[in-house]
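K.L.:
Just to be clear, the model below is a prediction. Sequence and coordinates:
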Amino acid sequence: MANNRVKSTNDLELKDRLVAINRVTKVTKGGRTFSFAAIVVVGNEDGIIGWGLGKAGEVTTAIAKGVEAAKKNLVRIPVHKGTIPHEQLAKFGGAQVLIKPASHGTGVKAGGAMRAVLESVGITDVLAKSKGSSNPHNLVKATIAALSELRSPLEIAQNRGISVEKVFRG
């Protein structure tokens, strides 16, 4: 598998999406201390995606920290005509995701955390199913793992030593 990490974020116009926000409690001898954990996905809607987790005493600060963390681990995803090149299954923790390519006009058939990831990467037509855990942390990580394992038609053609047209004909 090729290294598809993105080196520089300076020239990218990234849009952030809040996937989930969670109020967490720390019990001390003085009582309960509340803080917030936010999962954020950033993407340029053209094949680049990253996720981050931010924790802080206030919601806005947690989201800002999540965005900064997401910008540090961006990956490039092959998007082919608004969908993915092939079917992919991935697992992270208890979450298992299945993503399938769909014809133009289908839309993003996915729920919750998966939808945020797929829309941020710029996929407009896809069928997605989440099996197992619905934990947003693990769903986001499993979805990005599935997308990271995708190979573009050009990459497959180069590996096989054939033309891109022959890849689609079988």
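P.N.:
Alright, I've got the coordinates.

K.L.:
hey, let's count contacts and neighbours off CA atoms from now on
P.N.:
Fine.

K.L.:
residues contacting the closest residue to Gly66 other than its chain neighbours?
P.N.:
Of all residues not flanking Gly66 in the chain, Gly54 sits nearest, at 3.9 Å (Cα to Cα, 6 or more residues apart in numbering). Applying Cα atoms under 8 Å, 6 or more residues apart in numbering to Gly54 gives the contacts 37-40, 61-67, 69.

K.L.:
roughly how far is the helix or strand where Lys91 lies from the heart of the chain?
P.N.:
Assessed by DSSP states H and E, Lys91 sits inside strand 88-92. Put simply, strand 88-92 sits 12 Å off its chain's centre (Cα atoms, centre = their mean, to the nearest Å).

K.L.:
Remind me what that strand packs against, helices and strands.
P.N.:
strand 95-101, helix 136-148 (3 or more Cα pairs under 8 Å, 6 or more residues apart in numbering; DSSP states H and E).

K.L.:
Can you tell me which of these is packed in deepest?
P.N.:
Per-stretch averages of neighbours, counted by mean count of other Cα atoms under 10 Å, single out helix 136-148 among these, with a mean of 23.

K.L.:
who's in contact with that one?
P.N.:
By Cα under 8 Å, 6+ apart, helix 136-148 touches 4, 19-20, 39, 51, 75-77, 88-99, 113-114, 117, 130, 133.

K.L.:
which of these count as buried?
P.N.:
19-20, 39, 51, 75-77, 88-92, 95-99, 113-114, 117, 130 (16 or more other Cα atoms under 10 Å).

K.L.:
re the thing from before, tabulate the helices and strands packed on strand 88-92 (TSV), appending distance to Glu13 and mean pLDDT.
P.N.:
Shown next, in TSV, are the helices and strands packed on strand 88-92 (distance: least, Cα to Cα, whole Å; pLDDT from 0 to 100):
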stretch	distance to Glu13	mean pLDDT
strand 95-101	26	94
helix 136-148	19	94
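
K.L.:
could the ones you listed go into a markdown table alongside distance to Glu45?
P.N.:
As requested, the helices and strands packed on strand 88-92 are exported to a markdown table (distance: least, Cα to Cα, whole Å):
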| stretch | distance to Glu45 |
| --- | --- |
| strand 95-101 | 17 |
| helix 136-148 | 14 |
